[in-house]
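Participant: only geometry, no sequence info:
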């Protein structure tokens with residue numbers, strides 16, 4: 001698979017990695033926790049086909065969110081990453097926002113409430129808050145240069 005990804009254009013690699021990251025996270029939790037619960041829920045459901053369709057829709061939306069997050073990094077985040085001091089954190093923020101927007105769609109779909117345009121204040125607040133919490137954290141973990149990471153382990157004088 002790595003050879004296939006390496007053969008993709010440079011701008012397309014982060015979106016593919018973003019989608020694969022979501023598959024990895026869902027796969028770990030899904031295999032041991034969610035899959036048995038989903039199977040039990042489908043067996044007890046009055047409309048198992050509808051429920052299965054909803055599950056597959058959520059899976060597709062999660063993959064789309066990962067893809068869009070990677071695309072956002074590819075198009076904007078990698079350039080922001082070069083800004084001294086704040087670059088990695090801004091890159092993380094820009095990377096997380098599309099996924100948070102897709103998560104908002106998932107919440108409204110799960111609650112069976114329509115999305116509003118312009119968005120409601122609570123939706124804007126939630127997406128903004130979660131992006132501000134998770135974006136810099138992602139930037140800290142993934143987008144710092146090796147010299148920034150090595151300075152974390154240097155003992156204070």
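Facilitator: Everything's here; your move. Worth saying up front: this structure is predicted, and the values here are computed from it rather than measured.

Participant: all helices of the chain, in order?
Facilitator: Along the chain, counting by DSSP state H, helices occupy 2-6, 13-29, 35-44, 48-72, 78-80, 87-111, 121-142, 146-152.

Participant: adding mean neighbour count and mean pLDDT, write these out as CSV.
Facilitator: For every residue, glycine as well, the C-beta is placed using N, CA and C. What follows is these, written out as CSV (neighbours: other C-beta atoms under 10 Å; pLDDT from 0 to 100):
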stretch, mean neighbour count, mean pLDDT
helix 2-6, 8, 86
helix 13-29, 17, 80
helix 35-44, 11, 80
helix 48-72, 17, 89
helix 78-80, 17, 92
helix 87-111, 20, 93
helix 121-142, 15, 92
helix 146-152, 10, 69
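
Participant: contacting residues for the residue lying closest to residue 102 once chain neighbours are set aside?
Facilitator: Computed as C-beta to C-beta, 6 or more residues apart in numbering, the closest residue to residue 102 that is not its neighbour in sequence is residue 65, at 3.5 Å. If you count contacts by C-beta atoms under 8 Å, 6 or more residues apart in numbering, residue 65 has them with 22, 98, 99, 101, 102, 103.

Participant: residue 93 and residue 139 touch, don't they?
Facilitator: Yes - between residue 93 and residue 139 there is a contact at 6.8 Å, judged by C-beta atoms under 8 Å.
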